[in-house]
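*Asks:* Quick one, what's the 3D model for this:
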Amino acid sequence: MKIVSLIPSATEIIFALDLCDNLVGISHECDYPKEILKLPKLTTSRIKTKQSSLKIDYDIKKILEKSLSVYEVKSDLLRKLDPDVIITQSQCSVCAVSLKDVKECLRKFINTKPLLIDLKPNTFNEVLKDINRVGQKLNKRSESQILVKNIKNEISKIKAKTSHSNIKNVLCIEWIEPIMTAGNWVPQLVEFAGGKSVFAKSGKNSNFIKPEHINFKEVDIVIFMPCGFDIKRSKDEISKANVDYLSNLKDKKTFIVDGNKYFNRPGPDLLESTRILAEIIHPDIFPAKQNIKRWISL
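*Replies:* Residues are numbered from 1 along each chain as shown. The predicted structure is shown next:
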């Protein structure tokens, strides 16, 4: 069985299910585990990702205004690889290649059409369901069920430790300029870790918000987790961003996490994302493992 994964979270699910040997192609954003980096990359971005968050946002909106896709699938390479299974997503057209993009590409196929697995989670529970669905489709049902059970058990342990702690109000920022609060599964992770996500709702898309609509007096902790940025990139961006709301953070406990590796990817590492949140929100309960790959204080 030959598998193509067009999103990092799916690649990590495949790795967790011990199917990496079946991978024949990945997206340009897939970067874990290291063993897959040598595989053909089937996607490219129309956006220059090395520019500022403000410029990236501007370019994305211009592309979407023209009803174009942010990403491009290398159809000739995909045809050459001739996969049996393609895993993609329809949760966010900005974050990765969409199901629509893949279907357009597959119209050019003249051989047998591959199985398409479309992932579109908006909540933590839907992420777990997707893991089980991938396991079922790829004949790894037992392995996926064990994986999901282990994730649930570890989350339950975290929740038990924070059940009698003071709940902290946490502002999770998914984009720096313009400011976007982290929705979807992130508010649930914050809750698991003994906090309350403010200005975002579980199961609802991340949304842009005007800084003047944020009552920073209600915020105890601020966590930057920009989509697609690691900690170093986020820190550099924050230091250069020309936004007024940053001045409101001077007296707040402010942190940066690796959004790209953890929080932005709806896969097995949402467990580690929850552990990171627990360390930040309740350092008196969870020993801190602060480092440049997980989280730092700003």
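
*Asks:* lowest-confidence helix or strand of the chain?
*Replies:* Sorting the helices and strands of the chain by mean pLDDT, DSSP states H and E puts helix 99-106 at the bottom, at a mean of 76.

*Asks:* Other residues contacting that one?
*Replies:* Contact partners of helix 99-106, identified using CB atoms under 8 Å, 6 or more residues apart in numbering, comprise 6, 69, 71-73, 75, 78, 86, 88-90, 93, 113-114, 116, 118. Glycine gets a C-beta too; all of them are placed from N, C-alpha and C.

*Asks:* how does it look with 6 Å?
*Replies:* Ser69, Val73, Ser75, Thr88, Ser90, Asp118 (CB atoms under 6 Å, 6 or more residues apart in numbering).

*Asks:* C-terminal to the helix ranked longest in the chain, what's the next element?
*Replies:* Longest helix in the chain, counting residues (DSSP state H): helix 141-162. Next along the chain after helix 141-162, taking DSSP states H and E as the criterion, comes strand 168-175.

*Asks:* any idea how far that following strand is from the chain center?
*Replies:* 15 Å (CA atoms, centre = their mean, to the nearest Å).

*Asks:* What of stretch 148-156?
*Replies:* Distance, centroid of stretch 148-156 to centroid of chain: 19 Å (CA atoms, centre = their mean).

*Asks:* same check, this time on stretch 59-74
*Replies:* Here stretch 59-74 is found 20 Å from its chain centre; the criterion is CA atoms, centre = their mean.

*Asks:* same question, stretch 51-58
*Replies:* 19 Å.

*Asks:* Go through that stretch and flag the buried ones.
*Replies:* Using 16 or more other CB atoms under 10 Å as the test for burial, stretch 51-58 gives Ser53, Leu54, Ile56, Asp57.

*Asks:* which other residues reach that stretch?
*Replies:* Residues contacting stretch 51-58 (CB under 6 Å, 6+ apart): Trp175, Ile176, Glu177, Glu237.

*Asks:* Let's have the residues you listed in TSV, adding distance to Arg107, neighbour count and pLDDT.
*Replies:* Shown next, in TSV, are the contacts of stretch 51-58 (distance: CB to CB, whole Å; neighbours: other CB atoms under 10 Å; pLDDT from 0 to 100):
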residue	distance to Arg107	neighbour count	pLDDT
Trp175	33	23	95
Ile176	38	23	94
Glu177	38	20	92
Glu237	39	20	92
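
*Asks:* so which of these comes closest to Lys250?
*Replies:* Ile176 (16.5 Å; CB to CB).

*Asks:* Quick one: residues contacting the closest one.
*Replies:* Ser53, Pro226, Glu237, Ala241.
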